[in-house]
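In: Sequence below, structure please.
(one chain, ligands or ions: 1)
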Amino acid sequence: MLKTKQDELKELKQKCEKCYNCALGRTRNNIVFSDGNLEAKILLIGEAPGADEDATGIPFVGRAGKLLTNLIEESGLSRQNDFYICNTVKCRPPENRVPTDEEKKICEQFLLSQIKIVNPKLIVLCGATSAKSFLGNKIKISRIRGQWFKLFDNIDTTVIFHPSYLLRNHSEKEGSPRWLTKQDLLKIKNFIS
Ligand code: URA
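Out: Numbers count the residues shown, from 1 in each chain. Okay, here's the model as predicted:
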């Protein structure tokens, strides 16, 4: 019998739960596999789980996640219906440090499989770590955000600022990072509508 997307993702998650291929596996409380809708048109990739995500097993539920959710909803999109959300690595790096290239490489099999199974219309790279994973370590997030690319088999891809950066930048004035992110999300909404 043909496996459904749900079956395939369930199997992948079980494999991930058994993964101790890098040191992050030894310090995690939970793997943080995904949230949202596996039939969504948009697949958003963040950096790595933080403390709240490690405790709950759900991506983007801490302060940064709440801001991301608010921005998504304010733009007229629904976090739970329009997005499948995951991260470059599935386990929390100690002290919330940026995951190393090696950790990202080891975890990449899970992310690439998620992308293949979900088969989104649009990939949103959220923040520098996620953007660097796909576009190279030399990119500058402030230059690349708002730009559109094709990845893999012609999948449209765009880059937005990470909500942790927006938490440190409160201004909503025209041209500010928050303002730019709202523009980016509106463009994303138009794209999938
Ligand atoms: N930051 C991320 O990049 N991902 C999360 O899941 C939480 C915070």
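In: biggest helix in this structure, by residue count?
Out: helix 101-118 (DSSP state H).
In: From residue 77, how far out is the residue nearest the centre of the chain?
Out: Within the chain, the residue whose C-alpha comes closest to the C-alpha centroid is residue 45; the distance, by C-alpha atoms, centre = their mean, is 1.8 Å. According to C-beta to C-beta, to the nearest Å, residue 45 stands 16 Å off from residue 77. No exception for glycine: its C-beta is placed from N, CA and C like everyone else's.
In: Which phi and psi values does residue 12 adopt?
Out: phi -60, psi -40 (degrees, to the nearest 10).
In: Not counting its neighbours along the chain, what's nearest it?
Out: Distances taken as C-beta to C-beta, 6 or more residues apart in numbering place residue 113 nearest to residue 12, at 5.3 Å, with adjacent residues excluded.
In: again with residue 171
Out: Looking at residue 171 with C-beta to C-beta, 6+ apart, the closest residue is residue 178, at 6.6 Å.
In: again with residue 135
Out: residue 144 (6.6 Å).
In: SS state for the nearest residue to residue 29 once chain neighbours are set aside?
Out: Excluding the flanking residues, the one nearest residue 29 by C-beta to C-beta, 6+ apart is residue 54, at 5.0 Å. Going by DSSP: H, G, I helix; E, B strand; the rest coil, the secondary structure assigned to residue 54 is helix.
In: Can you verify my assumption that residue 54 contacts residue 31?
Out: No: Residue 54 is beyond contact range of residue 31, at 9.0 Å (criterion: C-beta atoms under 8 Å).
In: Give me the common contacts of the two.
Out: Taking C-beta atoms under 8 Å, 6 or more residues apart in numbering as the criterion, residue 54 and residue 31 both touch residue 91.
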